[in-house]
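# Any chance you could fold what I've pasted below:
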Amino acid sequence: MEPMEKQFTASGITARLFEAISRMSETQQKELLLLVGEQREYERLPYLMQITCQTDEVCFTDFILDISPGGIFLETVQELFVGQKLDMTFNFRGAKLPLRISGSVAWIGKNGVGVRFMFDSQEQKQMMIDHVNKLG
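Take a look at the predicted model:
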């Protein structure tokens, strides 16, 4: 193993990255996120709403804690995995009919998962944008 490679063990790399990122300004951190493709397209808004989700294995009811036109944070104890497809049904306050939409688990956190919407059409995407814009 080269001397330089010994210096960069997995834990050492992570520690050095955290140190470098913590010294960056917020603007620099956002630019870095854009470079690695992890920046959300939309800002999420706090919004508590009950949701019914279905996977190939299970159907469950939990709560949305925040929402954007691109996705939600789903508070759940269900064991889900990144990339898993969810069929979701929820009802915005004041809406006449429930909204049915598919999504995929984008990331897993301590109290739930981030779900990215998978729109069937441009009309469905626009409907979500319109609903969420009314919340803000």
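# What is the burial count for I72?
By other C-beta atoms under 10 Å, 28 other residues sit near I72. (Each C-beta comes from the backbone N, C-alpha and C, glycine too.)
# Can you tell me the element it falls in?
Assigned by DSSP states H and E, I72 belongs to strand 71-75.
# hmm, who's touching the helix or strand following that strand?
For strand 71-75, the following helix or strand on the C-terminal side (DSSP H and E) is strand 85-90. Defining contact as C-beta atoms under 8 Å, 6 or more residues apart in numbering, one finds that strand 85-90 is touched by 49-56, 64, 80, 98-105, 115, 118.
# Just to be sure, which of those are found in strands?
49-54, 64, 99-105, 115, 118 (DSSP state E).
# Can you name the residues bridging to the residue nearest to L99 when sequence neighbours are not counted?
Of all residues beyond its chain neighbours, the one nearest L99 is F90 (5.9 Å), with distances taken as C-beta to C-beta, 6 or more residues apart in numbering. Beta bridges link F90 to I51, L99 when assigned by DSSP bridges.
# what is the most centrally placed residue in the chain paired to in the beta sheet?
Nearest residue to the geometric centre of the chain (C-alpha atoms, centre = their mean): G114, 2.9 Å. Under DSSP bridges, the beta-bridge partners of G114 are F73, W107.
# Need the pLDDT of it.
Looking at G114, its pLDDT stands at 92.
# ok, now the one 4 residues further on?
pLDDT recorded at M118 is 94.
# Who are the contact partners of it?
K85, I101, S102, G103, S104 are the contacts of M118 under C-beta under 8 Å, 6+ apart.
# Distance check, the third one against L74.
Counting by C-beta to C-beta, to the nearest Å, the separation of S102 from L74 is 13 Å.
# what about those two, which has more around it?
The residue with more neighbours, out of S102 and L74, is L74; 26 against 16, by other C-beta under 10 Å.
# ok, that one to D66 distance?
Here the distance between L74 and D66 works out to 10 Å (C-beta to C-beta).
# One more: M118?
Going from M118 to D66 by C-beta to C-beta gives 18 Å.
# Walk me through the domains of this structure.
Using automatic domain parsing, the domain ranges for the chain come out as 3-36, 45-135.
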